[in-house]
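Trainee: take this sequence and fold it.
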Amino acid sequence: QVQLVESGGGLVQAGGSLRLSCTASRSILTFNTMGWYRQAPGKQRELVATITSGGDTDNVDSVEGRFTISRDIRKNTVNLQMNSLKPEDTAAYYCNAKESRRPKNLEHWGQGTLVTVSP
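Mentor: Residues are numbered from 1 along each chain as shown. Now for the predicted structure:
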């Protein structure tokens, strides 16, 4: 059973920064992709940023230039540095890990951490 534990959420004013961390219960290199999703009240969960086992990163346009995903392999941790936060970034942020398995790929989720950005 894989465990993903998020931390680092909180309340911040617009323009501020937060750093989210996701620590996995095993080596993050065993996952094909790890990423961060977010879900605002009344909205669907959406992808924010991803990092592959090879270290390639990607993010959605709405956070381009503001959010950076990174990893610390020794600590089994994936981080999301969030700068220049906006009220529309307010959401519950979830860590995700995907692994290729047969007959079915597996997907794991953390419990979520709340980020609130005040105007």
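Trainee: what bits of the protein have low per-residue confidence?
Mentor: Counting by pLDDT under 70, the chain contains no low-confidence range.
Trainee: my read: residue 25 touches residue 77, true?
Mentor: No - applying C-beta atoms under 8 Å, one finds residue 25 not in contact with residue 77, separated by 11.5 Å. C-beta coordinates here come from the backbone N, C-alpha and C atoms, glycine included.
Trainee: the two: who's more crowded?
Mentor: Higher neighbour count among residue 25 and residue 77: residue 77, with 18 against 11, using other C-beta atoms under 10 Å.
Trainee: identify the bridge partners of the more buried one.
Mentor: Assessed by DSSP bridges, residue 77 has beta-bridge partners residue 23, residue 72.
Trainee: how close does it get to residue 92?
Mentor: Taking C-beta to C-beta, to the nearest Å as the measure, residue 77 falls 19 Å from residue 92.
Trainee: same thing with residue 47?
Mentor: Separation of residue 47 from residue 92 (C-beta to C-beta) stands at 14 Å.
Trainee: higher neighbour count, the two?
Mentor: Between residue 47 and residue 92, counted using other C-beta under 10 Å, residue 92 has the larger neighbour count: 18 against 13.
Trainee: how about the contacts made by that one?
Mentor: 38-40, 112-115 (C-beta atoms under 8 Å, 6 or more residues apart in numbering).
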